[in-house]
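Novice: Here is my input, please return the structure:
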Amino acid sequence: MIFRITFLLIIISSVKGYGQSAETIRSGRPGQSIGPFSIGQSIFQVQSGFFFNQIGSSSLGRDVVGNNSVLRFGLSELIEISAVFDYSKSYIEDPRLPDPSNTSLQLGGRYHLLDQQGIVPNLALQSRVGFYNEGDFELSTVSIIATSHSFGDFYTFFSNWKMITREGDDAQYAYTANLSRTLSDKVGVFAEIYGSLSDFEVNYDAGFSYLVNDDLQLDLSAGIQDGNLTDDWFIDLGVSWRLMPKD
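Specialist: All right, here's what the predicted structure looks like:
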């Protein structure tokens, strides 16, 4: 199914696709959603964040700390390649149990397919291959159809539709829906829901970003997961920076 969708989107992209570099940095942070734009030809960008996640349980709780870092490089105005590095370490309340850590690497790219025209949103396809270390290395794929639609000068709605595969497991499907608002030339805020479509769930997060200059952005966000207001929450602090090509 995903291959049929990909083929259809590539055909559509041959009709329209005008993506261009932005005056200010376009980051996939904060939040779970990614935007549909590539970063622009010969631009290098780093997005990195540190998080704290507390997971409560009637039997056994744990704290998780970690880092997510994304490296992006624009091959053209429409196409970019990227690498994602994830690390997390769990601290379990029971001292008899070990504190596990997990690492993963994803490699892939994004293709900007369509620019917004009327009711047609901005549209992109992103796909990555992942390598996970959870005792033994496992192979996975993450494919995302990303859209955005701007309303006036201040509001943008983002949506992501994901298919995730891992060795030995059935494909899983997930979604994000994000409403962002620009408060000023420097400050933006967002609210978002996200979760699994396979066994439908709704998680929540919100936060803000601050544009230090055209090439540097800071962000802070927090969220509640598993639809529970007390058992599973997180906070995330990040930075995004881009290096423009020399003239």
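Novice: How about the contacts made by residue 161?
Specialist: 144, 145, 173, 174, 175 (C-beta atoms under 8 Å, 6 or more residues apart in numbering). Any C-beta I mention is one placed from the backbone N, CA and C, and that applies to glycine too.
Novice: if you set the cut-off to 10 Å instead, what comes out?
Specialist: 5, 143, 144, 145, 146, 147, 173, 174, 175, 176, 197 (C-beta atoms under 10 Å, 6 or more residues apart in numbering).
Novice: Next step: those restricted to strands.
Specialist: 143, 144, 145, 146, 147, 173, 174, 175, 176 (DSSP state E).
Novice: Closest to residue 193 out of the residues you listed?
Specialist: If you rank those by distance to residue 193 using C-beta to C-beta, residue 176 comes first, at 7.4 Å.
Novice: confidence score at that closest one?
Specialist: Confidence at residue 176, expressed as pLDDT, is 98.
Novice: So what's the residue count around it?
Specialist: 21 (other C-beta atoms under 10 Å).
Novice: To which secondary structure element type does residue 70 belong?
Specialist: strand (DSSP: H, G, I helix; E, B strand; the rest coil).
Novice: you'd agree it is up against residue 105?
Specialist: No: assessed by C-beta atoms under 10 Å, residue 70 is found out of contact with residue 105, at 11.4 Å.
Novice: Mind listing the shared neighbours of the two?
Specialist: By C-beta under 10 Å, 6+ apart, the residues touching both residue 70 and residue 105 are 83, 84, 85, 86.
Novice: which secondary structure element contains the nearest residue to the last one once chain neighbours are set aside?
Specialist: Taking C-beta to C-beta, 6 or more residues apart in numbering, and ignoring the residues beside it in sequence, residue 86 has residue 104 as its nearest neighbour in space, at 4.5 Å. In the assignment (DSSP states H and E), residue 104 maps to strand 101-114.
Novice: avg pLDDT for the next helix-or-strand element following that strand?
Specialist: Next helix or strand after strand 101-114 toward the C-terminus (DSSP H and E): strand 122-134. Here strand 122-134 scores 90 as its mean pLDDT.
Novice: Off-centre distance for strand 122-134?
Specialist: Mean-position distance between strand 122-134 and its chain equals 10 Å (C-alpha atoms, centre = their mean, to the nearest Å).
Novice: Now do it against strand 101-114, angle only.
Specialist: 160 degrees (axes from the mean of the first three to the mean of the last three C-alpha atoms, to 10 degrees).
Novice: before we move on, the earlier item: would you mind checking the shared contacts of residue 70 and residue 105 for buried ones?
Specialist: Burial by neighbour count, 16 or more other C-beta atoms under 10 Å: within these this picks out 84, 86.
Novice: which residue sits closest to residue 89, ignoring its sequence neighbours?
Specialist: residue 101 (4.2 Å).
Novice: Then residue 196?
Specialist: In space, residue 196 is closest to residue 174, 5.3 Å off (C-beta to C-beta, 6+ apart).
Novice: Low-confidence ranges, the protein, go.
Specialist: Where the chain drops to pLDDT under 70, the residues are 1-20, 57-59, 94-99, 134-136, 227-230, 247.
Novice: Strands along that one, start to end?
Specialist: Under DSSP E, the chain gives strands at 44-55, 62-74, 79-92, 101-114, 122-134, 136-151, 155-166, 172-182, 187-196, 203-213, 216-224, 232-243.
Novice: That'll do, ta.
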